[in-house]
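Enquirer: coords below, sequence missing:
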């Protein structure tokens, strides 16, 4: 425990129960840390932040109800002093970029969790920003560029169903997961995805993800 005897209060959020329980088990090794709540969806995270007043929230990007990027923005709006550590499977420039811009203090890949979690928490507690080692080069590119320069898009309006599919894409769901969430076939999801790409005049999946996050769908 730290010299003041005050424990560092943490909320853990991930929609996979087994991963969430495993994360809690690992965190129990830190004697000066206290888990004050856990959640399986983004809206519950916001409730816990208001009720528990944590020092840090550890959460995934792909969360039902409210995606991790938008949850990060709202957490920082509730209390700017709360630190956010994103723990995710998404190894991409787009998600890293928008997570940091949303106010996250750390971006840890799940594949690095068993070796880097404690380092990430320590760095953030000391006022720093932590990024998984294999993504540090992309972070340097973000800082050097200053802002992401994408093409101006004047899209054809999306249908309500296409917007729903886009939101799930932004939250990192696969075609199969989207099909289950929206009660449709994988073929229908693929059809909607193709229409979305055509209407937005996008060719790469990375561009679609970036557009969705920028528009607040995640």
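Expert: Cool, got the structure. Worth saying up front: this structure is predicted, and the values here are computed from it rather than measured. Residues are numbered from 1 along each chain as shown.
Enquirer: report the central residue of this structure.
Expert: The chain has residue 61 as the residue nearest its centroid, 2.5 Å off, counting by C-alpha atoms, centre = their mean.
Enquirer: verify the stated contact: that residue with residue 68.
Expert: Yes. The pair residue 61 / residue 68 is scored as a contact, 3.8 Å apart, by C-beta atoms under 8 Å. Bear in mind the C-beta positions are built from the backbone N, C-alpha and C, glycine included.
Enquirer: overlap in contacts of those two?
Expert: 86, 88, 99, 171, 218 (C-beta atoms under 8 Å, 6 or more residues apart in numbering).
Enquirer: which phi and psi values does the residue lying closest to the fourth one once chain neighbours are set aside adopt?
Expert: In this case it means residue 171. Once flanking residues are discounted, residue 171 sits nearest to residue 67: 4.4 Å by C-beta to C-beta, 6 or more residues apart in numbering. Main-chain torsions, residue 67, degrees, to the nearest 10: phi -60, psi 160.
Enquirer: what is the neighbour count of residue 67?
Expert: Residue 67: 26 surrounding residues under other C-beta atoms under 10 Å.
Enquirer: quick one: it and residue 59 touch, right?
Expert: No. Residue 67 is beyond contact range of residue 59, at 9.8 Å (criterion: C-beta under 8 Å).
Enquirer: find residues that contact each of those two.
Expert: Here residue 67 and residue 59 share the contacting residues residue 42, scored by C-beta under 8 Å, 6+ apart.
Enquirer: is it true that residue 112 touches residue 130?
Expert: No. The pair residue 112 / residue 130 is not scored as a contact, 10.3 Å apart, by C-beta under 8 Å.
Enquirer: between those two, which one's more packed in?
Expert: Higher neighbour count among residue 112 and residue 130: residue 130, with 22 against 17, using other C-beta under 10 Å.
Enquirer: ok, that one - contacts?
Expert: 85, 105, 106, 107, 108, 116, 119, 120, 123, 124.
Enquirer: likewise residue 24?
Expert: Contacts of residue 24 (C-beta under 8 Å, 6+ apart): 12, 35, 38.
Enquirer: who wins for neighbours among these?
Expert: Neighbour counts for the contacts of residue 24, by other C-beta under 10 Å, peak at residue 12, which reaches 25 neighbours.
Enquirer: could you list the low-pLDDT ranges of the chain?
Expert: Counting by pLDDT under 70, the chain has low-confidence residues at 1-5, 137-156, 216-218.
Enquirer: narrow the contacts of residue 24 to those in strands?
Expert: Secondary structure assignment by DSSP state E places 12, 35, 38 of the contacts of residue 24 in strands.
Enquirer: pipe those residues into a markdown table and attach distance to residue 95 per row.
Expert: A markdown table is the format used below for these (distance: C-beta to C-beta, whole Å):
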| residue | distance to residue 95 |
| --- | --- |
| 12 | 19 |
| 35 | 25 |
| 38 | 22 |
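Enquirer: need the strands for the chain, in chain order.
Expert: Counting by DSSP E, the chain has strands at residues 8-13, 33-39, 56-59, 83-88, 106-109, 130-131.
Enquirer: the third one pairs with which strands, parallel or anti?
Expert: Paired strands of strand 56-59, with direction, are strand 8-13 (parallel), strand 83-88 (parallel) (DSSP bridges).
Enquirer: right, and the ones you listed - which one's nearest residue 19?
Expert: strand 83-88 (8.6 Å; C-beta to C-beta).
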